[in-house]
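In: 3D, please:
(2 chains)
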2 protein chains.
Amino acid sequence: MRNNPIGIFDSGIGGLTVVKEIIKTLPHESIIYIGDTARVPYGPRSKEVVTKFAMEMVTFLLRRKIKALVIACNTISGLSYDEIRDAVYPIITLGVIRPAVRLAIQTTKNKKIGIIGTEGTIKSQSYQKMFEFYNSDARIISSACPLFVPMAEEGLNNHKATKLIAQDYLKEFIKNKVDTLILGCTHYPLLYDAIQETVGKEMTLIDSAQPTAQMLKERLEDVNLLSDNPNPKHEFYVTDAPERVKKVAGRFFGEELNGKLKKVNLED
Amino acid sequence: MRNNPIGIFDSGIGGLTVVKEIIKTLPHESIIYIGDTARVPYGPRSKEVVTKFAMEMVTFLLRRKIKALVIACNTISGLSYDEIRDAVYPIITLGVIRPAVRLAIQTTKNKKIGIIGTEGTIKSQSYQKMFEFYNSDARIISSACPLFVPMAEEGLNNHKATKLIAQDYLKEFIKNKVDTLILGCTHYPLLYDAIQETVGKEMTLIDSAQPTAQMLKERLEDVNLLSDNPNPKHEFYVTDAPERVKKVAGRFFGEELNGKLKKVNLED
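Out: Now for the predicted structure:
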């Protein structure tokens, strides 16, 4: 069981930013990643559809005997976490929201925390509920940033248009003197520079990848399931793999994944 | 048969710009529209996946005894037209590419024509093939504009960021003195002003909605299937209908569709 893989899934390839951190933090773990690139993005979709699509990926991963499940997608974590956790129990399930919220609470000094994400994530109020879970008395301000996903995929971190859009999306956080801003979408780290430049250096940006990898390590240690496998395997699946996905995947993972991306059909 | 509905479908709600023109040109025709909002956008996906998703909508429409089928989506028209035409024969099938190309050939004076569209549309070279079908000797220049779809959906026709992005996407057309530009995506008419302002008044923009409605009228007349029904029905289906879809649908259709949008599950 200890050497069984960790299953990680996302609506697309943004979750590769989380995979990268998990490999860094847990270098002996085997990983199976699946991204639903045939139906990405999930951000604008309803809870019902997001849960249905997500459960198809969960089934795919369960068949491959995973020991833990990481929802590397804020939209799915926000809308479908409870359904997924209940369906895979007693396998460990971890979303990206709790780790980011825990770190934000540790980080803020003035107790003014901002959250940016897709429309689905922001509307679900899932971050707010997690702050309540931690009995936080911080003031929470949130804003949906729908254009950030396509801008990240197009690699426009340094484009003037991105900065103009960022100024629109982020002005409330500046006005309200938020000191900690959660990047509540796995795509947003690719716009890190544009976002940091817009909000100024005093605002700390929280990317969920690193705290999620850290919390996964804790959870595996809790049940004595950390692996020491010297030859872990990393597998990457997508539901559609046109040239564009291969190109953009490298941008998220930090290195080429070209030959490694395998295409699967979830309905088979 | 004559009073049977016309089936119109799209990857999402962009095709409503085509529906609007068809209702204007053919006010006695009943219409069934379906948009795959659960899996939109199709632009970045492979031909295989686009064809599979599109055939599910075609099946939905065939069950409702349509007399003609309009593919109100450039990506599907470009990648899957032949498969769809063959599958529904002898029912009339019409895409949006041929009508736009025919009008562009009639419009251009200097025989320099530009095409903008999604990555899928541009990569498929489907417009170029249609110009060959018409034995056109015009010089064709094309460019993918991936950010235009989300910008149109966000209603950013007058945002500075849209103009900056438009300047990047459209500079080749200006440099090459193109006199006719095909808006090869049903979303782009929503950015008409931003595009026209960027390329200047001398460049004529071709939106496929009006020529598609006109060609549909010809095709129905060819086989004596034009209806004179005084009480035609207009039905609108989507595969996912969160609040956002309802809001944006009105933007494309030109009037509220709130109560009229029905949700269906294609896999049922």
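In: and residue A:56, its phi and psi?
Out: Note on residue A:56: its backbone torsions stand at phi -70, psi -40 [degrees, to the nearest 10].
In: which element is residue A:77 on?
Out: Residue A:77 is located in helix A:74-88, with elements delineated by DSSP states H and E.
In: residue A:157 now?
Out: Under the criterion of DSSP H and E, residue A:157 resides outside all helices and strands.
In: next, count neighbours for it.
Out: Other residues lying near residue A:157 total 18 when counted by other C-beta atoms under 10 Å in any protein chain shown. (Each C-beta comes from the backbone N, C-alpha and C, glycine too.)
In: in this structure it contacts residue A:192, no?
Out: Yes. The pair residue A:157 / residue A:192 is scored as a contact, 7.3 Å apart, by C-beta atoms under 8 Å.
In: the helix holding residue A:77 and chain B, any residue contact?
Out: No. Contact between helix A:74-88 and chain B, assessed by C-beta under 8 Å from any C-beta of the partner chain, is absent, since the two come no nearer than 10.7 Å.
In: which strand residues bridge residue A:238?
Out: Each beta-bridge partner of residue A:238 is listed here: residue A:35, residue A:263, as defined by DSSP bridges.
In: quick one on the thing from earlier: contact partners of the helix holding residue A:77?
Out: Helix A:74-88 is contacted from outside by A:9-11, A:41-43, A:45, A:47, A:50-51, A:54-55, A:58, A:62, A:69, A:71, A:93, A:95-97, A:117-118, A:120-121, A:124, A:126-127, A:184-186, A:208, using C-beta atoms under 8 Å, 6 or more residues apart in numbering or on different chains.
In: repeat that for 6 Å
Out: Helix A:74-88 has contacts (C-beta atoms under 6 Å, 6 or more residues apart in numbering or on different chains) with A:42-43, A:47, A:50-51, A:54, A:58, A:69, A:71, A:93, A:95-97, A:117-118, A:120-121, A:124, A:126, A:184-185.
In: so residue A:22 sits right up against residue A:214, yeah?
Out: No. The pair residue A:22 / residue A:214 is not scored as a contact, 9.6 Å apart, by C-beta atoms under 6 Å.
In: quick one on the thing from earlier: what's the next secondary structure element after the helix holding residue A:77?
Out: Moving toward the C-terminus from helix A:74-88, the first helix or strand encountered (DSSP H and E) is strand A:92-94.
In: in the helix or strand that that next one is followed by, what's buried?
Out: Along the chain past strand A:92-94, the next helix or strand (assigned with DSSP H and E) turns out to be helix A:97-107. Of the residues in helix A:97-107, A:97, A:98, A:99, A:100, A:101, A:102, A:103, A:104, A:105 count as buried by neighbour count, 16 or more other C-beta atoms under 10 Å in any protein chain shown.
In: do stretch A:115-135 as well
Out: Judged by neighbour count using 16+ other C-beta under 10 Å, the buried positions of stretch A:115-135 are A:115-124, A:126-127, A:130-131.
In: repeat that for stretch A:159-177.
Out: For stretch A:159-177, burial by neighbour count (16+ other C-beta under 10 Å) applies to A:159, A:161, A:162, A:163, A:164, A:165, A:166, A:168, A:169, A:170, A:173, A:174.
In: ok, stretch A:36-55 next?
Out: Neighbour-count burial for stretch A:36-55 flags A:36-47, A:49-55 (criterion: 16+ other C-beta under 10 Å).
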